[in-house]
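S.K.: give the three-dimensional model of this entry:
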Amino acid sequence: MEILNSNSFVITTRTSGNIILQIGNSSFALESSDLDWYNTEKIYLEKGIHNLNITANENSSLDAIFIWSAQDNINSIQDFFNFDEKPIVSIRLKNDDDITKKIFYVNTTKPFMFSFSEFYDDSWIALINGKKIETLPLYSIINGVWVNESGEFEIVLEFETQKWFISGLSLTILTAIIIYFYFFYEYCKKKKEKCFSKKRESF
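M.R.: Residues are numbered from 1 along each chain as shown. Okay, here's the model as predicted:
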């Protein structure tokens, strides 16, 4: 993984069983009987590429993992989603006839977690003010997007796999049409040459 700025970080996991996390010179052993959220101690990571190694036995489960910048007023990953004052959010779907692309008009007083009821698939991406944001699994089932914006704006959700499938299918059809017309042209060309040669022979 790539760390963009040197800082102190915390690793939060939703795990059960015995799991060992290793990053740089730091190692953390997580032991639990129930699937729940657990935080590591703060670790300082320099800017650059780091390897995160995860070791677990066959009876262990790793449902989700987050690495977040440690801040004085935030003690856990849950604090990112807690507000003294809940945001007032208005969401209106602009189009409902396209299952691979959805556009929402949003008006919110604060950042919020946006969720939609499609089963989680990392092929869904969100565009907010032109910025691409990957979706997150919520409750291990549905898709969520952390919207770090306020005011009025649009959220565009696209299913990239379907988009590439449609693009590939269109290219295949176009290629087939070009090949068809090429062979049709060659066929007509040869037929025309045979016709002219027969006329010369008749003279």
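S.K.: care to break this protein down by domain?
M.R.: Using automatic domain parsing, the domains assigned to the chain come out as 2-81, 89-161.
S.K.: could you dump these to a markdown table with distance to Lys189 and mean neighbour count?
M.R.: C-beta: built from backbone N, CA, C; applies to glycine. Compiled in a markdown table, the domains of the chain are given as follows (distance: least, Cβ to Cβ, whole Å; neighbours: other Cβ atoms under 10 Å):
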| stretch | distance to Lys189 | mean neighbour count |
| --- | --- | --- |
| domain 2-81 | 57 | 14 |
| domain 89-161 | 42 | 14 |
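S.K.: any idea of the mean pLDDT in stretch 64-73?
M.R.: Regarding stretch 64-73, the rounded mean pLDDT is 73.
S.K.: dump the domains of the chain to TSV, plus distance to Glu186.
M.R.: Listed next are the domains of the chain as TSV, based on distance: least, Cβ to Cβ, whole Å:
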stretch	distance to Glu186
domain 2-81	53
domain 89-161	37
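S.K.: between the ones you listed, which one is nearest to Leu174?
M.R.: Proximity to Leu174 (Cβ to Cβ) singles out domain 89-161 among the domains of the chain, at 20.3 Å.
S.K.: relative to Trp146, how far out is the residue at minimal distance from the centre of the chain?
M.R.: Central residue of the chain (Cα atoms, centre = their mean): Glu134, 3.5 Å from the mean position. With the distance defined as Cβ to Cβ, to the nearest Å, Glu134 ends up 10 Å from Trp146.
S.K.: likewise Ile43?
M.R.: Here Ile43 is placed at a distance of 23 Å from Trp146 (Cβ to Cβ).
S.K.: please apply the same query to Lys102.
M.R.: Spatial separation of Lys102 from Trp146 under the definition Cβ to Cβ is 17 Å.
S.K.: got it, and Asp34?
M.R.: From Asp34 across to Trp146, the span is 26 Å (Cβ to Cβ).
S.K.: and Val89, by the same measure?
M.R.: As defined by Cβ to Cβ, Val89 lies at a distance of 13 Å from Trp146.
S.K.: now Phe159
M.R.: Distance, Phe159 to Trp146, using Cβ to Cβ: 19 Å.
S.K.: by mean pLDDT, flag the weakest helix or strand of this protein.
M.R.: Counting by mean pLDDT, DSSP states H and E, the chain has its least confident helix or strand at helix 160-202, which shows a mean of 65.
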